[in-house]
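In: okay, predicted coordinates and the sequence, questions at the end:
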Amino acid sequence: MVDARILHTTAALREAILRLATDRPVSTITVADVTRAAGINRATFYSHAVSPGSLLADVLTPELDRIREDDAAARRTAAARGADAAELAAITRRGINAVVEHVTAHRDIYCKALPDPNDASLHRLLVEHFTVSSVQHIQELDPASRPPLLDDVAAGFVAQGFVGAIEAWLAGPRRSRKALVETITLSFPAWWN
């Protein structure tokens with residue numbers, strides 16, 4: 001059983017970093033800012049995180065992991081049924097839409113954190129997340145129709161492109177989420193589904 005104090009501290013840290021990162025870039029948030037906002041001391045902070053940027057990444061990662069797990073489960077189910085290309089494309093679109101919803105829910109944070117030249121925590125978080133997701137996806141492609149790929153290179157290409165698309169969308173004029181999802185979907189390599 002998890003100690004109630006740990007749960008309380010974890011929740012306080014989560015709330016504090018999300019609130020602070022909504023207002024300003026993570027590179028300008030100090031450990032003192034987080035401890036004050038969470039009502040904890042420095043030692044407690046450092047038992048949970050190494051920096052405000054890493055704390056923010058730790059808070060957002062489980063949401064992205066759930067999206068990856070849901071996508072992988074949908075693909076396994078579809079593969080077991082012998083899904084056609086249209087169904088697989090729909091699964092890809094749903095996964096992209098879920099990521100865009102996540103980014104939109106934390107828009108203020110991502111708008112400040114992604115272009116921050118002094119802290120690349122969230123950029124690295126997204127690239128790593130999409131790289132791992134892409135490697136998993138590539139390795140599950142049908143060997144008979146899969147092109148000869150270097151898995152890590154192809155995954156890096158897709159991941160960097162995905163993050164670049166999100167950054168461009170956030171930095172540009174306000175455009176719909178639907179337009180972003182459609183653009184990313186159309187930008188995926190033909191062999192993806």
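Out: Everything's here; your move.

In: ok, Val59 to Ile138 distance?
Out: Noted for Val59: a distance of 28 Å to Ile138, by CB to CB, to the nearest Å. In this view, the C-beta of every residue, glycine as well, is placed from N, C-alpha and C.

In: cool, Ser121 as well?
Out: Taken as CB to CB, the span from Ser121 to Ile138 is 26 Å.

In: more neighbours: the two, which one.
Out: A side-by-side neighbour count of Ser121 and Ile138, using other CB atoms under 10 Å, places Ser121 first with 22 against 19.

In: what about the helices in the chain?
Out: Along the chain, the stretches classed as helices by DSSP state H are 4-23, 31-38, 42-48, 52-81, 85-105, 107-113, 121-139, 151-171, 177-187.

In: OK, contacts around the residue of the chain most remote from its centre?
Out: Relative to the centre of the chain, the most outlying C-alpha is that of Ala144, 30.5 Å out, by CA atoms, centre = their mean. Going by CB atoms under 8 Å, 6 or more residues apart in numbering, Ala144 touches no other residue.

In: quick one: low-confidence parts of this protein?
Out: Screening the chain residue by residue with the criterion pLDDT under 70, one finds the ranges 1-2.

In: kindly recompute the last result at 80.
Out: 1-4, 193 (pLDDT under 80).

In: so how far is Leu122 from the closest residue to Thr185 other than its chain neighbours?
Out: Spatial nearest neighbour of Thr185, chain neighbours left out: Arg93 (5.3 Å); criterion: CB to CB, 6 or more residues apart in numbering. Distance, Arg93 to Leu122, by CB to CB: 24 Å.
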